[in-house]
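Q: Next one to model:
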Amino acid sequence: MYRTHTCGELRISDAGRQVTLAGWVQRSRKMGGMTFVDLRDRYGITQLVFNEEQNQELCEKANKLGREYVIQVEGVVSERFSKNANIPTGDIEILVSRLNILNSSLTPPFTIEDNTDGGDDIRMKYRYLDLRRTAVRKNLELRHKMTIEVRKYLDSKGFIEVETPILVGSTPEGARDFVVPSRMNPGQFYALPQSPQTLKQLLMVSGFDRYFQIAKCFRDEDLRADRQPEFTQIDCEMSFVEQDDVINLFEGMTKYLFKELRGVELTEPFLRMPWIDAMRYYGSDKPDMRFDMRFVELMDLLQGHGFSVFDNATYIGGICAEGAAHYTRKQIDALTDFVKRPQIGAKGLVYARVEADGNVKSSVDKFYTQEVLQQLKERFNAHPGDLILILSGDDAMKTRKQLGELRLEMGNQLGLRDKNKFALLWVVDFPMFEWSEEEGRLMAMHHPFTHPKDEDIPLLDTTPEAVRADAYDMVCNGIEVGGGSIRIHDAQLQAKMFQILGFTPERAQEQFGFLMNAFKYGAPPHGGLAYGLDRWVSIFAGLDSIRDCIAFPKNNSGRDVMLDAPSELEPKQLDELNLAVKPVK
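A: Numbering: from 1, shown residues only. Coordinates of the predicted model:
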């Protein structure tokens with residue numbers, strides 16, 4: 001037996017017990033004739049004591065232990081003289097009578113502690129060492145608990161877990177596919193699924209009624225903090241449901257998870273916000289509602305006063321940052337630089353500061369009387385000490401998005417985005433289509449299988465850009481954590497949707513004929529949604545990136561630096577696959 005107990009298990013009630021422990025050496029220190037070793041495993045840390053007076057040979061052996069050596073010890077549990085209140089085992093120590101070195105270790109390339117000296121690159125290269133750190137391990141334990149609770153909740157609601165294929169057909173509509181060449185079918189390719197979308201719809205046609213899967217998905221997209229090339233969805237679908245049925249059930253699951261995993265009781269119904277309001281008032285389809293700072297439109301108030309920037313704009317809007325009137329000119333210049341960054345693209349920033357006496361001091365004072373500036377203050381319901389920030393532009397939606405970025409930045413600077421505060425809402429009534437300049441045509445905002453709102457179906461023949469979708473996204477703290485829709489279950493309506501999206505009947509049949517044909521055999525009304533498991537775990541864990549809740553993540557270039565993947569294939573493998581690789585320019 002390698003161990004009788006774990007390193008996080010023993011307490012003062014175990015004093016006098018003979019035990020065997022095994023684990024890794026966290027650190028060791030020599031004090032006089034005593035050597036102390038902290039032994040670590042997944043469950044915690046226990047202090048070991050080696051006494052030179054009692055066993056000099058054993059103590060000398062302990063003095064040669066290095067960090068991350070794997071050892072086994074036998075000894076007696078004893079009450080600790082100098083207790084450590086920071087760890088659960090801090091009241092006891094093990095008086096070691098036998099030491100067995102199971103494996104030695106090289107000096108690790110970074111310290112395996114919560115406050116490590118290892119940067120991202122080195123920790124990703126040695127991820128198997130990084131996973132030994134308590135902070136990282138706890139994230140994976142949280143992920144495990146979440147999947148267990150998700151399965152318990154969905155099972156209690158009559159869902160059945162069904163696995164769908166990883167090797168599927170390519171569907172170029174949407175994000176880029178990862179493709180897999182087929183050796184047995186030369187010149188042909190599988191794709192890795194971006195989601196199990198069409199497959200879960202087929203399960204509804206099959207009569208499974210309520211399906212879920214914790215599914216691996218793959219998208220060849222540019223990476224960022226909340227995006228990886230492979231990610232995990234909690235994927236769900238239901239038959240004979242309308243939008244309210246889906247929203248209510250999964251709002252219930254969210255409240256259940258918060259209570260079970262975070263001890264947070266969410267009692268109120270989640271806010272439901274139409275997409276058009278989210279964009280108009282917050283400049284985002286995933287607004288962070290932990291703080292208000294709602295947009296105020298100012299065209300009628302600020303145009304016609306001789307300030308050409310505003311007079312020539314098609315949109316003028318602003319936000320009020322409460323208590324930020326103390327911002328210096330240097331700080332406001334930094335905000336101006338922020339909104340002018342290429343990824344945001346604003347041309348400038350106008351500010352108005354509400355002074356202690358109630359007067360308003362603005363960066364465009366010479367164009368506006370104090371009377372107009374007082375109206376500006378009233379429009380925002382601003383008070384002494386508040387700072388009003390204004391953007392304008394010739395594209396209303398673009399300027400709103402810029403203002404949305406400024407709003408989030410002010411939320412960060414003013415400490416309004418507390419990770420231990422949770423604001424959840426549903427964004428609903430999305431546009432069915434969006435115009436793609438690159439493609440020169442309408443594209444599905446979500447996917448081609450989304451059902452339009454019943455009252456908007458007649459508009460498909462006249463003004464399809466005005467059609468709203470039966471689609472809904474769940475947002476938590478400004479992060480889209482899940483989304484879904486009611487699906488099209490009628491073959492004729494699905495054919496019309498493909499026609500609007502520019503599919504020829506032949507192309508639609510080639511790519512999605514299996515689904516359209518299935519609809520001819522009695523498809524039930526159905527809908528569902530998918531949660532991003534990685535994003536959920538990162539929110540619950542208070543992380544800024546999803547990478548630390550994934551066991552073996554990719555870096556920002558989509559590379560696995562530990563496995564050195566992707567990599568080149570051997571010529572023999574390329575020949576077997578009938579592939580030729582063009583030189584990289």
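Q: mind listing what's buried in the longest strand anywhere in the chain?
A: Longest strand in the chain by number of residues (criterion: DSSP state E): strand 18-31. Buried residues in strand 18-31, defined by neighbour count with 16 or more other CB atoms under 10 Å: 19-26, 28. For every residue, glycine as well, the C-beta is placed using N, CA and C.
Q: Out of those residues, which comes closest to Asp456?
A: Closest to Asp456 out of the buried residues of strand 18-31 is Trp24 (61.1 Å), distances taken as CB to CB.
Q: from memory the closest one sits against Asp38, does it?
A: No: counting by CB atoms under 8 Å, Asp38 is not a contact partner of Trp24; they are 9.5 Å apart.
Q: List just the nearest of the buried residues of strand 18-31 to Val350.
A: Gln26 (55.8 Å).
Q: The closest one and Arg67 touch, don't they?
A: Yes: if you go by CB under 8 Å, Gln26 and Arg67 touch, sitting 7.3 Å apart.
Q: Can you work out which residues contact both of those two?
A: Residues touching both Gln26 and Arg67 by CB atoms under 8 Å, 6 or more residues apart in numbering: Ile112.
Q: quick one on the thing from earlier: turn the buried residues of strand 18-31 into CSV, including pLDDT.
A: Conversion of these to CSV gives the following (pLDDT from 0 to 100):
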residue, pLDDT
Val19, 98
Thr20, 98
Leu21, 98
Ala22, 98
Gly23, 98
Trp24, 98
Val25, 98
Gln26, 96
Ser28, 95
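Q: export these to TSV and tack on distance to Ser182?
A: Rendered in TSV, the data for those read as follows (distance: CB to CB, whole Å):
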residue	distance to Ser182
Val19	56
Thr20	53
Leu21	51
Ala22	47
Gly23	46
Trp24	44
Val25	49
Gln26	49
Ser28	55
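Q: What is the nearest of the residues you listed to Arg294?
A: Set against Arg294, the nearest of the buried residues of strand 18-31 by CB to CB is Gln26 (50.0 Å).
Q: What residues does the closest one make contact with?
A: 38-40, 45, 67, 112-113.
Q: could you redo the last one with a cut-off of 7 Å?
A: Contact partners of Gln26, counting by CB atoms under 7 Å, 6 or more residues apart in numbering, are 38-40, 45.
Q: Tell me the strands beside the helix or strand where Phe212 lies, with direction?
A: With secondary structure defined by DSSP states H and E, Phe212 is part of strand 210-218. Looking at strand 210-218 with DSSP bridges, its paired strands and their directions are strand 160-161 (parallel), strand 230-239 (antiparallel).
Q: pLDDT of the last one, averaged?
A: Spelled out, it's strand 230-239. Confidence for strand 230-239, expressed as mean pLDDT, is 96.
Q: ditto for the shortest one
A: Model confidence over strand 160-161, given as mean pLDDT, is 98.
Q: Same check on stretch 341-357?
A: Stretch 341-357 comes out at a mean pLDDT of 95.
Q: Then stretch 124-142?
A: 95.
Q: How far does the longest helix anywhere in the chain sit from its chain's centre?
A: Counting by DSSP state H, the longest helix found in the chain is helix 134-156. Here the centre of mass of C-alpha atoms in helix 134-156, compared against the chain's by CA atoms, centre = their mean, to the nearest Å, lies 15 Å away.
Q: Now do the strand holding Phe212 and helix 134-156, the angle between them.
A: On the basis of axes from the mean of the first three to the mean of the last three CA atoms, to 10 degrees, strand 210-218 is oriented at 150 degrees to helix 134-156.
Q: can you tell me the distance between the two ends of stretch 280-292?
A: As for stretch 280-292, its first-to-last residue distance stands at 14 Å under the measure CA to CA, to the nearest Å.
Q: if we can go back for a sec, can you give me the buried ones in the longest helix of the chain?
A: By neighbour count, with 16+ other CB under 10 Å as the criterion, the buried positions of helix 134-156 are 136, 139-140, 142-143, 146, 149-150, 153-154.
Q: Mind listing residues that contact it?
A: Residues from elsewhere that reach helix 134-156, judged by CB under 7 Å, 6+ apart: 42, 114, 130-131, 212, 214, 234, 253, 256-257, 260-261, 536-537, 540-541, 543, 548-549, 551.
Q: for the strands paired with strand 210-218, which one ends up most surrounded?
A: strand 230-239 (a mean of 23; mean count of other CB atoms under 10 Å).
Q: list the helices and strands the helix or strand following that strand packs on?
A: Helices and strands here follow DSSP H and E; after strand 230-239, the next one along the chain is helix 243-257. In this structure, helix 243-257 packs against helix 134-156, strand 526-532, with contacts taken as 3 or more CB pairs under 7 Å, 6 or more residues apart in numbering; DSSP states H and E.
Q: Strand 230-239 and the shortest one, what's the angle between them?
A: Which is strand 526-532. Computed by the same axes, to 10 degrees, the angle separating strand 526-532 from strand 230-239 equals 160 degrees.
Q: just the angle between strand 526-532 and helix 243-257, please?
A: Between the direction of strand 526-532 and that of helix 243-257, the angle (the same axes, to 10 degrees) works out to 30 degrees.
Q: neighbouring contacts of strand 526-532?
A: Strand 526-532 is contacted by residues 195, 200-201, 204, 231, 233-239, 241, 243, 246, 250, 481-487, 489 when judged by CB under 7 Å, 6+ apart.
Q: what's whichever helix or strand comes after it packed up against?
A: Tracing the chain C-terminally past strand 526-532 and defining elements by DSSP H and E, one meets helix 533-541 next. Helices and strands touching helix 533-541, as assessed by 3+ CB pairs under 7 Å, 6+ apart, comprise helix 134-156, strand 230-239, strand 479-486.
Q: could the ones you listed be laid out in a markdown table, adding distance to Met273?
A: Converted to a markdown table, these look like this (distance: least, CB to CB, whole Å):
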| stretch | distance to Met273 |
| --- | --- |
| helix 134-156 | 25 |
| strand 230-239 | 22 |
| strand 479-486 | 13 |
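Q: just for the chain, where's the confidence low?
A: 172-174, 225 (pLDDT under 70).
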